[in-house]
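Student: generate a structure from the sequence data that follows.
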Amino acid sequence: AGIASSFINPCLAALTLASFGPKMFDSAMANNILWGHIGSAASAILAGSAAYVFYPNIKYCFFVIGGAALSAIFFVQLLPEGDPSIGRGFHGSPKSSDDDDESVTDYQNNDNMVQTCGCKADDQIAASYLSVFSERRTLILCVTGFFFHFANANVLLVLGELMGTDADDDDYDDNDDEKANRAAIPLIAGAILLAQGMMSITTVIGGRLTENGVGRKILFLVGLITLPIRCALIIYWKDAGSAYLLSTQVLDGIGGGFFSLIHPFIVADITFGSGRFNVIMGLTASSFGLGSTMSNFVGQMVVQNLGHVTSLSGSLVLSIVPIIVFSLFMPETLNTRGQDKALSDGASSTMEYNIIT
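Tutor: Below you'll find the model as predicted:
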């Protein structure tokens, strides 16, 4: 799962950039992310239903997930590859399927001005790894994402355990553990479904806001701020019943929705023109994945030894770190795509643009 998630999002972003170019990247990527959330919600419904119906043989729910994966493998072959150089983050726009030469035509802007390039993709040289790895905004994004996922990933596990305990205590006798465990299945599926549904709504709203000029920073911060609020509410409502606990997944949906939407936008803003878009997407995804892995391991160790409240309290404290780091040190990146002088100087190109009005 870790390997798959590390590949899928960066590859999807690269294919989107290669196929639609920098001008249409935000809207196309938002649409892809939206359908990803819808697919996750559908999987939660089907897998949860299979686990509940066939309980205690919950292994059948994995057939649903496996079937979805096989479907994705089939349909991915139908995806357009676009222009590889654009997918790497070079200037220009994807060629149409009718183009026979290797020239790249930049996107048409709002003033109906077209920029053409008579060079080949091989003429473009990417910025050095050192220049992109040491780029300040890249480091800030990696640190922010690491601590966000370090604080966040374990929360759903703890929430599921609390809801399962609530079902065991309130609905069933001690001698009816099987029914209690079975009753927890729709609660977990409902938690995932509620979060993914809210992520879908947040993605649509976030996409519209960015189209209307709302900055990346404020939307990303909204996503980050939901996490400490969510942790505090779970701690406060830990004995209030499953309905209260389940409702906190709305905040998970808002946070995850804004985070997953704005992340590729920021990376494209930082790296476009350097030819290292894929590298930084991979680097940031790896940072996020490392944070998630550590969260699940450390968080469950704390649960085992110190209890659920202590684990959630640790997540709450950790969730403050990315808010401070991002709010204080990350500049706004909206309308800066392809304009970074440091990375542009690091990437040499023989392209010469002719402006055609």
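
Student: can you name the next helix or strand after the helix or strand hosting residue 195?
Tutor: Using DSSP states H and E, residue 195 falls within helix 177-211. Counting by DSSP H and E, the next helix or strand C-terminal to helix 177-211 is helix 216-236.

Student: how about residue 316, nearest residue that isn't a chain neighbour?
Tutor: residue 231 (3.9 Å; Cβ to Cβ, 6 or more residues apart in numbering). Bear in mind the C-beta positions are built from the backbone N, C-alpha and C, glycine included.

Student: separation between the closest residue to residue 161 other than its chain neighbours and residue 164?
Tutor: Nearest in space to residue 161, with sequence neighbours left out and distances taken as Cβ to Cβ, 6+ apart, is residue 308 at 6.5 Å. Here the criterion is Cβ to Cβ, to the nearest Å. By it, residue 308 lies 11 Å from residue 164.

Student: got it, and residue 22?
Tutor: Residue 22 is 46 Å from residue 164, by Cβ to Cβ.

Student: these two: who's more crowded?
Tutor: Taking other Cβ atoms under 10 Å, residue 22 and residue 164 do not tie; residue 22 has more neighbours (23 against 18).

Student: which pLDDT does the model give that one?
Tutor: We have a pLDDT of 89 for residue 22.

Student: that one reaches residue 277, doesn't it?
Tutor: No - contact criterion Cβ atoms under 8 Å: residue 22 and residue 277 do not qualify, at 9.6 Å.

Student: any residues in contact with both of the two?
Tutor: Here residue 22 and residue 277 have residue 268 as joint contacts, going by Cβ atoms under 8 Å, 6 or more residues apart in numbering.

Student: what are the phi and psi values for residue 30?
Tutor: phi -60, psi -40 (degrees, to the nearest 10).

Student: counting neighbours, what do you get for it?
Tutor: Neighbour tally, residue 30, other Cβ under 10 Å: 21.

Student: residues near the residue nearest to it when sequence neighbours are not counted, how many?
Tutor: Nearest residue to residue 30, sequence neighbours excluded (Cβ to Cβ, 6+ apart): residue 207, at 3.6 Å. By other Cβ under 10 Å, the residues close to residue 207 number 19.

Student: repeat for residue 53
Tutor: 12.

Student: show me what the helix or strand containing residue 143 packs onto, helices and strands only.
Tutor: Counting by DSSP H and E, the element that carries residue 143 is helix 136-170. With contacts defined as 3 or more Cβ pairs under 8 Å, 6 or more residues apart in numbering; DSSP states H and E, the packing partners of helix 136-170 are helix 177-211, helix 216-236, helix 242-247, helix 249-271, helix 277-306, helix 308-329.

Student: which regions of the stretch 101-250 of the chain sit below the pLDDT cut-off?
Tutor: 101-123, 166-181 (pLDDT under 70).

Student: apply 90 and report the result again.
Tutor: 101-134, 160-190, 239-243 (pLDDT under 90).

Student: the residue nearest to residue 161 against residue 163, yeah?
Tutor: No - with contact defined as Cβ under 8 Å, residue 308 and residue 163 do not form a contacting pair (11.1 Å).

Student: more crowded one of those two?
Tutor: residue 163 (22 against 19).

Student: dump the residue contacts of that one.
Tutor: 184, 187, 188, 191, 242, 245, 246 are the contacts of residue 163 under Cβ under 8 Å, 6+ apart.

Student: same check, this time on residue 228
Tutor: Contacts of residue 228 (Cβ under 8 Å, 6+ apart): 316, 319, 320, 323.

Student: for those residues, pick the one with the most neighbours.
Tutor: residue 319 (25 neighbours).

Student: quick one, what contacts that residue?
Tutor: Contacts for residue 319 (Cβ under 8 Å, 6+ apart) come out as 147, 148, 151, 152, 224, 227, 228, 231.

Student: then residue 195?
Tutor: By Cβ under 8 Å, 6+ apart, the contact list for residue 195 reads 156, 249, 250, 252, 253, 256.

Student: if we go to 7 Å?
Tutor: 249, 252, 253, 256 (Cβ atoms under 7 Å, 6 or more residues apart in numbering).

Student: what is the nearest of these to residue 301?
Tutor: residue 252 (22.0 Å; Cβ to Cβ).

Student: so what's the residue count around that closest one?
Tutor: 23.

Student: buried stuff in the helix holding residue 195?
Tutor: By 16 or more other Cβ atoms under 10 Å, the buried positions in helix 177-211 come out as 180-200, 202-204, 206-207, 209-210.

Student: where's residue 65, which helix or strand?
Tutor: helix 61-76.

Student: residue 308 and residue 159 touch, don't they?
Tutor: No - using Cβ atoms under 7 Å, residue 308 makes no contact with residue 159, being 9.1 Å away.

Student: and the one helix or strand residue 26 maps to with helix 177-211, angle?
Tutor: Assigned by DSSP H and E, residue 26 belongs to helix 2-53. Going by axes from the mean of the first three to the mean of the last three Cα atoms, to 10 degrees, helix 2-53 is angled at 130 degrees with respect to helix 177-211.

Student: and helix 2-53, what does it pack against?
Tutor: helix 61-76, helix 84-87, helix 177-211, helix 249-271, helix 277-306 (3 or more Cβ pairs under 7 Å, 6 or more residues apart in numbering; DSSP states H and E).

Student: closest one to residue 54 among those?
Tutor: Short answer: helix 61-76, nearest of the helices and strands packed on helix 2-53 by Cβ to Cβ, at 7.8 Å.

Student: any buried residues in that closest one, and which?
Tutor: 61, 64, 68.

Student: contact partners for the residue nearest to the spatial centre of the chain?
Tutor: Among the residues of the chain, the one closest to the centroid is residue 260, at 2.8 Å (Cα atoms, centre = their mean). Residue 260 makes contact with residue 33, according to Cβ under 7 Å, 6+ apart.
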